[in-house]
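Visitor: model this:
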Amino acid sequence: MKWYFASRVRHQQKIVDVANFLDGIGEKVVSNWIKGRSLKPYDQNLKEVQLLAEEVVRSIMDSDIFVLISDPEGTDMFVELGICLNREEARIYIVGKHSRRSLMQLHPRIKHVDTLKEVFDLENIDSEDFNVPLFD
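Guide: This next block holds a predicted model:
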């Protein structure tokens, strides 16, 4: 399966750890934004930002499983969620206590869970040997 993780950049390293775990068991994480450096301020890195934005859309459209790590702040992750909602075949999860703070987070196709481990369980991923990170 192809996984896409949407989140704030502050969770980047945890998502890299998750991606390494998933890659190690034959899954594929297509969230390439987790491998890059910060491009802020965006308007001063316009060419790179535009290329990354196009790549993000392609990756979301190519994913089977979309996981949004909720946060009390953030903007781009909601755009990513909107893109994914356009794909009826994708399974969509929102993880964490901030999973119901906007209209689109309550779309009926979305499954709300408290932890990433719950997503793994629902997707039949054995994570017993992996210290699944918690997101606050």
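Visitor: tally of neighbours for R109?
Guide: As a burial measure, R109 scores 12 neighbours (other C-beta atoms under 10 Å). Every C-beta, even on glycine, is put in place using the N, C-alpha and C of the backbone.
Visitor: how near is it to Q44?
Guide: Distance of R109 to Q44, given as C-beta to C-beta, to the nearest Å: 37 Å.
Visitor: equivalent analysis for K35, please.
Guide: According to C-beta to C-beta, K35 stands 21 Å off from Q44.
Visitor: buried sites along the longest helix along the chain?
Guide: Longest helix in the chain, counting residues (DSSP state H): helix 46-62. Using 16 or more other C-beta atoms under 10 Å as the test for burial, helix 46-62 gives L52, V56, S59, I60.
Visitor: of these, closest to W3?
Guide: Nearest to W3 among the buried residues of helix 46-62: S59, at 9.9 Å, using C-beta to C-beta.
Visitor: isn't the closest one up against V29?
Guide: No: checked against C-beta atoms under 8 Å, the pair S59 and V29 is beyond contact range at 9.3 Å.
Visitor: can you list residues touching both of those two?
Guide: Y4 (C-beta atoms under 8 Å, 6 or more residues apart in numbering).
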